[in-house]
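Q: sequence plus predicted model, see below.
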Amino acid sequence: MVAVRSVDVTFRTRSRTVHALSGIDMTIAPGEFLSIAGPSGCGKSTLLRVVAGLTRTSAGQVTLRGTPVVGPRRDVGFVFQRAALLDWRDARGNILFQAEMRGLPKAWARRRADELIEITGLTGFEKAMPFELSGGMQQRVSLCRALLHEPDLLLMDEPFGALDALTRENMNVELRRIWEATGMTVMLVTHSVTEAVYLGSRAIVMGPRPGRVIEEFPIGIPGHREYEPTLESPEFQRLSGRIRGLLGSGAG
Ligand SMILES: Nc1ncnc2c1ncn2[C@@H]1O[C@H](COP(=O)(O)OP(=O)(O)OP(=O)(O)O)[C@@H](O)[C@H]1O
């Protein structure tokens with residue numbers, strides 16, 4: 001699905017030069033859920049942006065389904081750290097905005113929006129305006145918006161970082177369920193080791209800037225993952241411990 005080949009990114013501003021990514025190589029198979037962890041500023045967001053075609057590489061290449069990424073890709077879904085909803089549209093209107101931008105058939109889009117509203121537990125809040133929604137609900141709306149056009153690749157940049165712990169857990173369980181049901185490919189940037197291991201089929205850990213991959217872990221926890229039993233399983237504990245060790249004691 002995604003191939004990243006010898007990718008380097010250097011940002012040059014008037015006052016400084018930042019070498020954000022160095023020699024990144026990775027492939028992500030269709031249907032994989034890749035969690036990406038690493039210290040602040042190591043280039044995780046930059047990596048996602050490069051895959052989405054929002055940031056240009058300084059060297060190397062990214063391909064999506066074998067096609068080089070040369071500009072913004074509208075065929076992927078992107079969920080950002082903050083929901084960034086349109087204030088003047090209700091929840092359903094925000095989700096449907098995606099369809100309007102893409103000129104998707106209206107009746108189809110409405111059906112799909114209703115389906116996603118149900119899946120993400122937003123039923124009853126379709127007409128609520130963003131200011132009436134909690135942070136978690138706003139992020140659900142943003143997830144629905146990212147999924148509306150049925151992307152087979154979903155890029156998520158610390159999507160649940162601003163949520164309280166319990167809402168975050170619920171969102172993790174929902175996302176895992178959606179991933180199990182759809183088989184889409186996901187790249188998730190997260191600062192939470194628990195989130196990375198619970199959700200991922202593979203995790204990579206990046207080192208400090210210039211960002212590079214320092215270690216990679218297949219997450220061999222098979223099948224449907226119930227939240228509590230998964231977190232208590234020896235494999236979960238072993239992997240979390242190893243990733244925390246790499247990231248340093250401050251990792252959550
Ligand atoms: N558009 C830009 N122009 C200049 N520098 C940038 C730009 N985007 C990112 N950077 C720099 O590149 C480095 C990597 O940033 P990036 O946001 O990818 O890191 P990150 O790992 O996602 O960080 P965090 O975990 O704190 O969100 C940082 O030093 C950042 O300041």
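A: Received it, and whenever you're ready, just let me know what you need.
Q: quick one: the helices in this structure, in order.
A: Taking DSSP state H, the helices of the chain run over residues 44-51, 91-102, 106-119, 135-147, 165-182, 193-199, 227-232, 234-247.
Q: now those helices as TSV including mean pLDDT?
A: Converted to TSV, the helices of the chain look like this (pLDDT from 0 to 100):
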stretch	mean pLDDT
helix 44-51	96
helix 91-102	94
helix 106-119	93
helix 135-147	91
helix 165-182	88
helix 193-199	97
helix 227-232	96
helix 234-247	95
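Q: now for those helices, which one comes closest to the ligand?
A: helix 44-51 (3.3 Å; C-beta to the nearest ligand atom). C-betas here are computed from N, CA, C, even on glycine.
Q: what about that closest one, near the ligand?
A: Yes: for helix 44-51, a contact with the ligand is found by C-beta under 6 Å from any ligand atom, at 44-46.
Q: and the chain, which residues reach the ligand?
A: Proximity of the chain to the ligand, by C-beta under 6 Å from any ligand atom, involves residues 11, 13, 18, 20, 38, 40-46, 209.
Q: repeat that for 5 Å
A: 11, 18, 20, 40-46 (C-beta under 5 Å from any ligand atom).
Q: thinking again about what came up before, possible to save the helices of the chain as TSV with mean neighbour count and distance to Leu34?
A: Listed next are these as TSV, based on neighbours: other C-beta atoms under 10 Å; distance: least, C-beta to C-beta, whole Å:
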stretch	mean neighbour count	distance to Leu34
helix 44-51	23	10
helix 91-102	19	23
helix 106-119	16	22
helix 135-147	23	16
helix 165-182	16	11
helix 193-199	24	10
helix 227-232	13	18
helix 234-247	16	14
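Q: got the contact list for the residue in the stretch 101-250 of the chain that the ligand sits nearest to?
A: In the stretch 101-250 of the chain, the residue that lies nearest the ligand is Arg209 (5.8 Å; C-beta to the nearest ligand atom). Neighbour list for Arg209: 18-20, 41-43 [criterion: C-beta atoms under 8 Å, 6 or more residues apart in numbering].
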